[in-house]
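everything below, folded, please.
(2 chains)
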Amino acid sequence: MVEIIQPIITATFLSALYAIIAIGFTLIFGVGGILNFAHGAFITVGAFGAFLVTNSSGLLELPIWAGLLIGTLAGAGIAALTYVGVIRWVRTRPVTVLILTFVIGFFLIYAIRILSVQLLGVNDPLNIPVEPVIGSSDTMNNVFIFATSWLFIGLLIFFVNYTRTGQAIIAVSQSDKGAALVGINAERINLITWTVAGAFAGYAGVLLAGAFGNGSWLMSIQPPAPLILSFAIVILGGLGSIKGSVVGAYIIGFVETFTVNIEPQLAGISSLGLLLLFLLVKPEGLFGREAAG
Amino acid sequence: MATQTPHEGELDQRRTQAVTTRLVSLRHQLGILGIVLLGLVPTVMKPSELTSFTFVLYLMMFAISWDVVSGYTGQLSFGHAFFFALGGYGTSIITTQHGLPIFVGIVGGTLVATIGGVLLGVPALRLEGPYLSLVTLIAPLLLYQSFVLFSDGIPYLAPKGLGGTSGLVAPPPAIIDIGSSALIQVDQFWVSALGKYYISFLALLVVLGSTYAFTRSSAGNVLTAIREDEAAVRSVGLNPAKFKIFAFVFSAAVGGFAAAVWMHAGPTAFPNTEAVFGPGRIDKSINVIIIAIIGGMGTIVGSVVGALFFGFADTVIGGLDVAIPGVELLFGSELTIADTSPLPTFLLGMIVLVFLPRGVVPEATEFGRRLLARRRGEEPPPGGGRSPVESTLAKYRREIEDILGRDGE
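Numbering: from 1, shown residues only, chains lettered A, B, ... in the order given. Modelled structure (predicted):
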């Protein structure tokens, strides 16, 4: 019995983390129709922000709680900056946006690598230390991740469905023109979406780095590869659906935990296999064709 | 005097003239001049400079291979390094672990990449725009993982293993080099640099010639038509999927071939993951996209120009030993502009994407056409329909709207 329960608990915690990772990606796609390849970089920026203010090699040495806050703000800030500085001007050219987010993402992680190696004297940019949020034990940290994951996703769903701004977000996600006709400023809504998505990414970055003991400039594509993971989760759940992403995160989390339990060599491959299967059989996902909500 | 119809008389002469103006227009004369100049580059460069310039030729080939599929059919691939890796590793394993001659290695590497193109392309091209980009993004990452997984060896195929992250230990034999392992042994550095340059140049000519012929053939026209309107292609009884897969596989073969030649004739080419994927595992694929876009998507020639730009920018930035002001105050150690490489190149790519989305070559061609028309005293020609980038993005917008279930415009 214990053999079954332990993996279930592990999978539940892991899935909660995955849900947080994927949610920002879903938001941006659902509202703007933009596949944000820079999402992984936003996550990295969050982890790096936390490192900057909590480590002796960084700028300040504050407790990790402050790091969590700064990381979240850094993610939000960099996402807002990306939207205002670049994406806003090319929003109507999806191919350009696609390639741009790709390039911006790499620009950011290279900037982090250069900052940490050349200026901060971090020996190995693949190992940027970030502490877990609750340091005493793994379990406490996992419980914290699980609780805040549901708290923030709950808040997001409430925000989208029951506030005026949230309703406006849904309107823009359904039709730009229709939203404009009823007097919604799509520019503003997009900026809000990017900022919220960036905050989620930054938050996820700190948690992820904390849970694995360290961040890395390549953390967005190293196992568990949050960038690829977000894609997998979001495609499984249906592009643009918040509910779908949460379900997708749990499916991937469970599949991964159980396959690794059976055969450790399969780490990181089983979810990709699932993703490929879905892409070929049911590319619209479980909850596809549904706007943010 | 009998009336002469306009078709009689100097028919042959006019036919020749028509053919020459059609085939050897100013544009093509410039292109041929460019290739000749490229062939004359060694006369003005020092051997060490030539060695680093040789790599630019490979960038050209890599970008061309991306352009064939993404620029022409509008199917964006985000992981072309997959094919470069297959070609490069393919030939290295064939020559060093199976002891076969270099020629067999290059053909084999190309073949491996082609097979990779079939395996990836057939299922992936059933997918629409963004999904395809995603699958192509994952492919090189999976390949990277498999290099680590099979670092100790695959029976029969690669008995000595794939070397993991640090790459294969034994360097593939060079076609021309100083030292005993090379096919043609020379004793002076400049001779080997020159030899490597011209072998690479020859490979570039092969790549240019074959892709040019392919994209200008009737099959190439179908590809352009797919980018413009896939439904229209289907409605005349052609199967777009077949053409797309063919373009994809052809592109894979070109990329694999370039990488295979690179292993034997390129400067400092080692079959390691950093060389084929880039230090960030995806950045080689990004660089290739940036190069093709700077030069102009869907033109082939654009990739050549883009790579020159890219190489030039890299060299200039690498030489800027100027400290960035303000950094020392904040962090206590200084940072020169050269240290920030490759950030400036990424920045250049972003700027071109935002402000010159059609790329340098199409903009210059149109500017030249206007200028010529004005000199002849004609009306400037109207803009010839949509540019490749415009069509590609229109296609993408339709697909994304389709996925989101929105009403199209």
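
for residue B:319, grab phi and psi.
Dihedral pair for residue B:319: phi -90, psi 0, per degrees, to the nearest 10.

can you give me the helices for the stretch 201-350 of chain B?
B:218-228, B:230-235, B:240-265, B:273-277, B:283-295, B:301-318, B:327-331, B:343-355 (DSSP state H, counting those that start in this stretch).

nearest to residue A:100, of those helices?
helix B:343-355 (5.4 Å; Cβ to Cβ). C-beta: built from backbone N, CA, C; applies to glycine.

hang on, the earlier thing: nearest to residue A:179, out of the helices of the stretch 201-350 of chain B?
helix B:343-355 (25.0 Å).

is the closest one anywhere near chain A?
Yes. Helix B:343-355 is in contact with chain A by Cβ under 8 Å from any Cβ of the partner chain, via B:343, B:346-347, B:349-350, B:353-354.

out of the residues you listed, which is most surrounded?
The residue in the residues of helix B:343-355 next to chain A with the most neighbours, by other Cβ atoms under 10 Å in any protein chain shown, is residue B:349 (28 neighbours).

which non-adjacent residue is nearest that residue?
Once flanking residues are discounted, residue B:349 sits nearest to residue B:290: 3.7 Å by Cβ to Cβ, 6 or more residues apart in numbering or on different chains.

so the one you found is in contact with residue B:346, correct?
Yes. With contact defined as Cβ atoms under 8 Å, residue B:290 counts as touching residue B:346 (7.4 Å).

and for those two, which residues touch both?
residue A:103 (Cβ atoms under 8 Å, 6 or more residues apart in numbering or on different chains).

where exactly do the strands run in chain B?
For chain B, applying DSSP state E gives strands covering B:176-178, B:184-186.

which one, of those strands, ends up nearest to chain A?
strand B:176-178 (32.7 Å; Cβ to the nearest Cβ).

and the closest one, what does it pack against?
Using 3 or more Cβ pairs under 8 Å, 6 or more residues apart in numbering or on different chains; DSSP states H and E, the elements in contact with strand B:176-178 are strand B:184-186, helix B:189-216.

which residues does the first one contact?
The contact list for strand B:184-186 (Cβ under 8 Å, 6+ apart) reads B:175-179, B:192, B:195.

which non-adjacent residue is nearest the residue nearest the centre of chain B?
Nearest to the mean C-alpha position of chain B, counting by Cα atoms, centre = their mean, stands residue B:63 at 1.6 Å. With sequence-adjacent residues excluded and distances taken as Cβ to Cβ, 6+ apart, residue B:63 is closest to residue B:303, at 3.6 Å.

is that neighbour in contact with residue B:291, as I believe?
Yes. Residue B:303 is within contact range of residue B:291, at 6.1 Å (criterion: Cβ under 8 Å).

format the contacts of strand B:184-186 as a markdown table; extra columns: distance to residue B:319 and neighbour count.
Formatted as a markdown table, the contacts of strand B:184-186 follow (distance: Cβ to Cβ, whole Å; neighbours: other Cβ atoms under 10 Å in any protein chain shown):
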| residue | distance to residue B:319 | neighbour count |
| --- | --- | --- |
| B:175 | 30 | 21 |
| B:176 | 29 | 19 |
| B:177 | 27 | 21 |
| B:178 | 27 | 14 |
| B:179 | 30 | 11 |
| B:192 | 25 | 23 |
| B:195 | 27 | 18 |
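
can you redo these as JSON lines with pLDDT?
JSON lines is the format used below for the contacts of strand B:184-186 (pLDDT from 0 to 100):
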{"residue": "B:175", "pLDDT": "82"}
{"residue": "B:176", "pLDDT": "80"}
{"residue": "B:177", "pLDDT": "78"}
{"residue": "B:178", "pLDDT": "75"}
{"residue": "B:179", "pLDDT": "73"}
{"residue": "B:192", "pLDDT": "85"}
{"residue": "B:195", "pLDDT": "88"}
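
nearest to residue B:257 among the residues you listed?
Top of the list for closeness to residue B:257, among those and by Cβ to Cβ, is residue B:175 at 14.3 Å.

pretty sure that closest one contacts residue B:264?
Yes. Contact criterion Cβ under 8 Å: residue B:175 and residue B:264 qualify, at 5.0 Å.

what do these two both touch?
residue B:102.

quick one, phi psi at residue A:35?
Residue torsions, per degrees, to the nearest 10, at residue A:35 are phi -80, psi 110.

what ranges do the helices span in chain A?
A:2-32, A:39-54, A:64-85, A:94-114, A:138-162, A:164-174, A:176-181, A:186-212, A:226-237, A:242-262, A:270-281 (DSSP state H).

quick revisit: would you turn the helices and strands packed on strand B:176-178 into TSV with distance to residue A:219?
Listed next are the helices and strands packed on strand B:176-178 as TSV, based on distance: least, Cβ to Cβ, whole Å:
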stretch	distance to residue A:219
strand B:184-186	46
helix B:189-216	36
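
which of these sits most buried?
helix B:189-216 (a mean of 18; mean count of other Cβ atoms under 10 Å in any protein chain shown).

and the stretch 51-200 of chain A, which of its residues are near chain B?
So far as Cβ under 8 Å from any Cβ goes, the stretch 51-200 of chain A lies against chain B at A:86, A:89-90, A:93-96, A:98-100, A:102-104, A:106-107, A:109-111, A:114, A:118-121, A:173-175.

give the ChimeraX command for selecting the buried subset of the residues you listed.
Only the buried entries of these go into this ChimeraX selection, using 16 or more other Cβ atoms under 10 Å in any protein chain shown:
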select /A:86,90,93,94,95,96,98,99,100,102,103,104,106,107,109,110,111,114,118,119,120,173,174
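
and the residue of the stretch 1-150 of chain B nearest chain A?
Counting by Cβ to the nearest Cβ, the stretch 1-150 of chain B gets nearest chain A through residue B:130, at 4.9 Å.

that residue against residue A:98, yeah?
Yes. With contact defined as Cβ under 8 Å, residue B:130 reaches residue A:98; the gap is 7.1 Å.

contacts only, for residue B:318.
Contacts of residue B:318 by Cβ under 8 Å, 6+ apart are B:338, B:341.

now do it against residue B:52, distance only.
9 Å (Cβ to Cβ, to the nearest Å).

what's the spatially closest residue to residue B:96 that is not a sequence neighbour in contact with, if anything?
Sequence neighbours aside, residue B:170 is the residue nearest to residue B:96 in space, at 4.3 Å (criterion: Cβ to Cβ, 6+ apart). Going by Cβ under 8 Å, 6+ apart, residue B:170 touches B:92, B:96-97, B:160.

take the residues you listed and keep only those in helices.
Using DSSP H, the contacts of residue B:170 in helices are residue B:92.

among the contacts of residue B:170, which one has the most neighbours?
In the contacts of residue B:170, the most neighbours by other Cβ under 10 Å go to residue B:92, 29 neighbours.

give the contact list for the nearest residue to that residue once chain neighbours are set aside.
With Cβ to Cβ, 6+ apart as the criterion, residue B:92 has its nearest non-adjacent residue at 3.9 Å, and that residue is residue B:271. Each residue near residue B:271 by Cβ under 8 Å, 6+ apart is listed here: B:88-89, B:92, B:163, B:167-168, B:171-172, B:263.

mind doing that once more with 10 Å?
B:85, B:88-93, B:96, B:147, B:162-163, B:167-172, B:259, B:262-263 (Cβ atoms under 10 Å, 6 or more residues apart in numbering or on different chains).

separate out the buried members of the residues you listed.
Buried members of the contacts of residue B:271, scored by 16+ other Cβ under 10 Å, are B:85, B:88-93, B:96, B:147, B:162-163, B:167-168, B:171-172, B:259, B:262-263.

ok, residue A:188 to residue B:363 distance?
Relative to residue B:363, and taking Cβ to Cβ, residue A:188 is found at 34 Å.

again, but for residue A:79
32 Å.

residue B:192 now?
39 Å.

residue A:130 too?
For residue A:130, the distance to residue B:363 equals 46 Å [Cβ to Cβ].

who's more crowded, these two?
Set residue A:130 next to residue B:363 and count neighbours by other Cβ under 10 Å: residue A:130 wins out with 30 against 14.

which ones are touching the more buried one?
A:46-51, A:54-55, A:64, A:67-68, A:71, A:205-216, A:219.

if anything else comes up later, I'll come back, but that's it for now.
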